[in-house]
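*Asks:* the sequence and its predicted three-dimensional model are supplied below.
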Amino acid sequence: MIDMNETRLTTLEQVRAFLGGTTEVGFGATGAGEDERYRHISGVLARFGYKRLKKPDKGLILRYLQRTTGYSRQQITRLVRCWCEGRALRKNYRAPAHGWVRKFTDRDVELLAETDALHNTLSGPATVHLMRRALESYGDSRYARLATISVGHLYNLRKARGYVARRQVFTKTRPTGIAIGVRRAPTPDGRPGFIRIDSVHQGDQDGVKGVYPISLC
(Lines give C-alpha, C1' and ligand atoms only; values in the text may rest on other atoms or scores of the structure.)
Protein backbone atom coordinates (compact mmCIF):
# COMPACT_ATOMS: atom_id res chain seq x y z
CA MET A 1 0.00 0.00 0.00
CA ILE A 2 1.51 3.33 -1.04
CA ASP A 3 0.29 6.93 -0.90
CA MET A 4 0.34 9.14 -3.95
CA ASN A 5 -0.70 12.61 -5.00
CA GLU A 6 -3.12 11.64 -7.74
CA THR A 7 -4.16 15.26 -8.33
CA ARG A 8 -1.19 15.51 -10.71
CA LEU A 9 -3.22 13.43 -13.16
CA THR A 10 -5.07 16.06 -15.18
CA THR A 11 -5.63 14.51 -18.62
CA LEU A 12 -7.47 11.45 -19.82
CA GLU A 13 -4.30 10.10 -21.43
CA GLN A 14 -2.54 10.21 -18.08
CA VAL A 15 -5.44 8.32 -16.51
CA ARG A 16 -5.35 5.73 -19.30
CA ALA A 17 -1.61 5.25 -18.81
CA PHE A 18 -2.13 5.02 -15.07
CA LEU A 19 -4.70 2.23 -15.43
CA GLY A 20 -2.51 0.37 -17.90
CA GLY A 21 0.58 0.37 -15.71
CA THR A 22 -0.65 -0.18 -12.14
CA THR A 23 -2.67 -3.36 -12.20
CA GLU A 24 -0.90 -4.79 -9.12
CA VAL A 25 -0.64 -1.63 -6.99
CA GLY A 26 -3.04 -0.56 -4.24
CA PHE A 27 -3.28 3.11 -3.33
CA GLY A 28 -3.88 5.00 -0.14
CA ALA A 29 -7.44 5.93 -1.04
CA THR A 30 -8.50 2.28 -0.86
CA GLY A 31 -7.67 2.23 2.86
CA ALA A 32 -9.10 5.67 3.62
CA GLY A 33 -12.27 6.41 5.52
CA GLU A 34 -15.63 6.92 3.85
CA ASP A 35 -15.49 10.72 4.03
CA GLU A 36 -12.01 10.82 2.47
CA ARG A 37 -13.08 8.54 -0.36
CA TYR A 38 -16.13 10.67 -1.05
CA ARG A 39 -13.98 13.81 -1.23
CA HIS A 40 -11.62 11.98 -3.61
CA ILE A 41 -14.52 10.97 -5.89
CA SER A 42 -15.97 14.48 -5.93
CA GLY A 43 -12.55 15.99 -6.67
CA VAL A 44 -11.86 13.64 -9.60
CA LEU A 45 -15.30 14.19 -11.14
CA ALA A 46 -14.93 17.95 -10.89
CA ARG A 47 -11.33 18.00 -12.17
CA PHE A 48 -12.11 16.08 -15.35
CA GLY A 49 -15.50 17.72 -15.96
CA TYR A 50 -17.28 14.37 -15.84
CA LYS A 51 -20.65 15.71 -17.00
CA ARG A 52 -19.16 16.96 -20.27
CA LEU A 53 -17.21 13.80 -21.12
CA LYS A 54 -18.22 11.36 -23.81
CA LYS A 55 -19.41 7.91 -22.82
CA PRO A 56 -16.06 6.08 -23.40
CA ASP A 57 -14.23 8.73 -21.36
CA LYS A 58 -16.80 8.47 -18.58
CA GLY A 59 -16.16 4.74 -18.45
CA LEU A 60 -12.43 5.47 -18.14
CA ILE A 61 -13.03 7.74 -15.14
CA LEU A 62 -15.28 5.16 -13.52
CA ARG A 63 -12.56 2.50 -13.83
CA TYR A 64 -10.05 4.94 -12.37
CA LEU A 65 -12.31 5.58 -9.37
CA GLN A 66 -12.78 1.85 -8.86
CA ARG A 67 -9.01 1.42 -8.76
CA THR A 68 -8.33 4.26 -6.35
CA THR A 69 -11.23 3.77 -3.95
CA GLY A 70 -11.71 0.00 -3.88
CA TYR A 71 -15.44 0.38 -4.44
CA SER A 72 -17.36 -1.90 -6.82
CA ARG A 73 -18.64 -0.64 -10.16
CA GLN A 74 -22.18 -0.51 -8.78
CA GLN A 75 -21.10 1.61 -5.81
CA ILE A 76 -19.13 4.00 -7.99
CA THR A 77 -22.04 4.35 -10.43
CA ARG A 78 -24.42 5.18 -7.59
CA LEU A 79 -22.09 7.76 -6.06
CA VAL A 80 -21.40 9.40 -9.43
CA ARG A 81 -25.13 9.62 -10.08
CA CYS A 82 -25.60 11.39 -6.74
CA TRP A 83 -22.80 13.82 -7.61
CA CYS A 84 -24.28 14.55 -11.03
CA GLU A 85 -27.63 15.31 -9.39
CA GLY A 86 -25.93 17.92 -7.20
CA ARG A 87 -26.17 15.97 -3.98
CA ALA A 88 -23.26 15.93 -1.56
CA LEU A 89 -21.56 12.58 -1.11
CA ARG A 90 -21.85 11.52 2.50
CA LYS A 91 -22.63 8.48 4.54
CA ASN A 92 -26.37 8.40 5.19
CA TYR A 93 -26.56 5.31 7.39
CA ARG A 94 -27.22 5.89 11.07
CA ALA A 95 -27.28 3.25 13.75
CA PRO A 96 -30.66 2.79 15.48
CA ALA A 97 -31.04 4.95 18.57
CA HIS A 98 -31.93 2.06 20.84
CA GLY A 99 -30.58 -0.90 18.89
CA TRP A 100 -32.41 -4.19 18.50
CA VAL A 101 -34.86 -4.92 21.30
CA ARG A 102 -36.01 -8.44 22.07
CA LYS A 103 -39.77 -8.58 22.43
CA PHE A 104 -40.32 -12.08 23.79
CA THR A 105 -38.39 -13.09 26.88
CA ASP A 106 -37.08 -16.45 28.08
CA ARG A 107 -40.08 -16.66 30.37
CA ASP A 108 -42.36 -16.33 27.33
CA VAL A 109 -40.56 -19.22 25.66
CA GLU A 110 -40.99 -21.33 28.82
CA LEU A 111 -44.69 -20.43 28.97
CA LEU A 112 -45.15 -21.43 25.34
CA ALA A 113 -43.52 -24.78 26.07
CA GLU A 114 -45.83 -25.29 29.05
CA THR A 115 -48.87 -24.42 26.93
CA ASP A 116 -47.84 -26.83 24.18
CA ALA A 117 -47.23 -29.59 26.71
CA LEU A 118 -50.68 -29.01 28.21
CA HIS A 119 -52.46 -29.08 24.82
CA ASN A 120 -50.21 -31.61 23.07
CA THR A 121 -48.66 -29.08 20.65
CA LEU A 122 -51.53 -27.80 18.55
CA SER A 123 -51.09 -25.99 15.26
CA GLY A 124 -49.73 -22.44 15.27
CA PRO A 125 -53.08 -20.65 14.66
CA ALA A 126 -54.82 -22.76 17.31
CA THR A 127 -52.07 -22.08 19.87
CA VAL A 128 -52.18 -18.32 19.21
CA HIS A 129 -55.96 -18.39 19.69
CA LEU A 130 -55.58 -20.21 23.00
CA MET A 131 -53.07 -17.68 24.33
CA ARG A 132 -55.23 -14.72 23.27
CA ARG A 133 -58.22 -16.33 24.93
CA ALA A 134 -56.23 -16.90 28.11
CA LEU A 135 -55.47 -13.18 28.28
CA GLU A 136 -58.73 -11.68 27.06
CA SER A 137 -61.27 -14.13 28.49
CA TYR A 138 -59.52 -15.38 31.64
CA GLY A 139 -57.30 -12.40 32.45
CA ASP A 140 -54.08 -14.41 32.64
CA SER A 141 -51.49 -11.61 32.42
CA ARG A 142 -48.68 -14.09 31.79
CA TYR A 143 -49.83 -14.18 28.17
CA ALA A 144 -49.68 -10.40 27.69
CA ARG A 145 -46.84 -10.61 25.15
CA LEU A 146 -47.54 -14.04 23.69
CA ALA A 147 -51.10 -12.98 22.89
CA THR A 148 -49.67 -10.56 20.31
CA ILE A 149 -47.34 -13.05 18.61
CA SER A 150 -47.73 -13.91 14.94
CA VAL A 151 -48.14 -17.49 13.82
CA GLY A 152 -44.87 -17.36 11.91
CA HIS A 153 -42.86 -16.13 14.90
CA LEU A 154 -44.51 -18.70 17.15
CA TYR A 155 -42.85 -21.42 15.09
CA ASN A 156 -39.54 -19.55 15.49
CA LEU A 157 -39.92 -19.65 19.28
CA ARG A 158 -40.60 -23.36 19.10
CA LYS A 159 -37.09 -23.73 17.66
CA ALA A 160 -35.48 -21.72 20.47
CA ARG A 161 -33.04 -23.47 22.77
CA GLY A 162 -35.10 -22.80 25.88
CA TYR A 163 -38.19 -24.31 24.26
CA VAL A 164 -36.40 -27.43 23.03
CA ALA A 165 -34.88 -27.97 26.48
CA ARG A 166 -38.35 -28.08 28.04
CA ARG A 167 -40.51 -29.49 25.31
CA GLN A 168 -39.31 -32.40 23.23
CA VAL A 169 -41.73 -34.53 21.28
CA PHE A 170 -40.72 -38.04 20.31
CA THR A 171 -42.75 -40.03 17.83
CA LYS A 172 -42.45 -43.80 17.90
CA THR A 173 -41.45 -45.54 14.72
CA ARG A 174 -44.53 -46.70 12.93
CA PRO A 175 -44.24 -50.28 11.65
CA THR A 176 -44.88 -50.76 7.98
CA GLY A 177 -46.17 -54.11 6.82
CA ILE A 178 -44.24 -55.46 3.86
CA ALA A 179 -45.70 -58.50 2.15
CA ILE A 180 -42.82 -60.93 1.64
CA GLY A 181 -44.86 -63.68 0.02
CA VAL A 182 -48.25 -63.10 -1.56
CA ARG A 183 -50.50 -66.05 -2.47
CA ARG A 184 -52.79 -64.99 -5.25
CA ALA A 185 -53.73 -66.01 -8.73
CA PRO A 186 -51.68 -64.35 -11.46
CA THR A 187 -53.34 -61.78 -13.65
CA PRO A 188 -51.31 -61.76 -16.85
CA ASP A 189 -54.13 -60.14 -18.83
CA GLY A 190 -53.53 -62.57 -21.68
CA ARG A 191 -49.80 -61.80 -21.89
CA PRO A 192 -47.33 -64.69 -22.25
CA GLY A 193 -44.45 -65.34 -19.85
CA PHE A 194 -46.39 -65.80 -16.61
CA ILE A 195 -46.52 -69.04 -14.63
CA ARG A 196 -48.50 -70.14 -11.57
CA ILE A 197 -46.98 -72.64 -9.15
CA ASP A 198 -49.11 -74.49 -6.59
CA SER A 199 -47.70 -76.85 -3.94
CA VAL A 200 -49.84 -78.87 -1.52
CA HIS A 201 -48.47 -81.12 1.22
CA GLN A 202 -50.54 -84.30 1.52
CA GLY A 203 -49.29 -85.01 5.03
CA ASP A 204 -47.16 -87.70 6.68
CA GLN A 205 -48.28 -91.29 7.43
CA ASP A 206 -46.71 -93.73 9.93
CA GLY A 207 -43.61 -91.59 10.22
CA VAL A 208 -43.11 -91.57 6.48
CA LYS A 209 -42.83 -88.19 4.84
CA GLY A 210 -45.65 -87.38 2.50
CA VAL A 211 -45.32 -86.11 -1.01
CA TYR A 212 -45.58 -82.53 -2.20
CA PRO A 213 -47.51 -82.40 -5.47
CA ILE A 214 -46.50 -79.34 -7.54
CA SER A 215 -48.69 -78.08 -10.32
CA LEU A 216 -47.56 -75.55 -12.90
CA CYS A 217 -50.03 -73.71 -15.04
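*Replies:* Received it, and whenever you're ready, just let me know what you need.
*Asks:* distance of the residue nearest the centre of the chain from residue 138?
*Replies:* The centroid of the chain falls nearest to residue 156 when counting by CA atoms, centre = their mean (14.3 Å). Distance of residue 156 to residue 138, computed by CB to CB, to the nearest Å: 26 Å. For the C-beta atoms, the positions are set from N, CA and C on the backbone; glycine is no exception.
*Asks:* could you do residue 12 as well?
*Replies:* As for residue 12, its distance to residue 138 is 78 Å (criterion: CB to CB).
*Asks:* which of these two has more residues huddled nearby?
*Replies:* Between residue 12 and residue 138, counted using other CB atoms under 10 Å, residue 12 has the larger neighbour count: 16 against 8.
*Asks:* so what's the more buried one closest to, chain neighbours aside?
*Replies:* With sequence-adjacent residues excluded and distances taken as CB to CB, 6 or more residues apart in numbering, residue 12 is closest to residue 57, at 5.6 Å.
*Asks:* check which helices and strands the helix or strand where that neighbour lies sits against.
*Replies:* Assigned by DSSP states H and E, residue 57 falls within helix 55-69. Contacts defined by 3 or more CB pairs under 8 Å, 6 or more residues apart in numbering; DSSP states H and E place helix 55-69 against helix 12-21, helix 34-47, helix 73-84.
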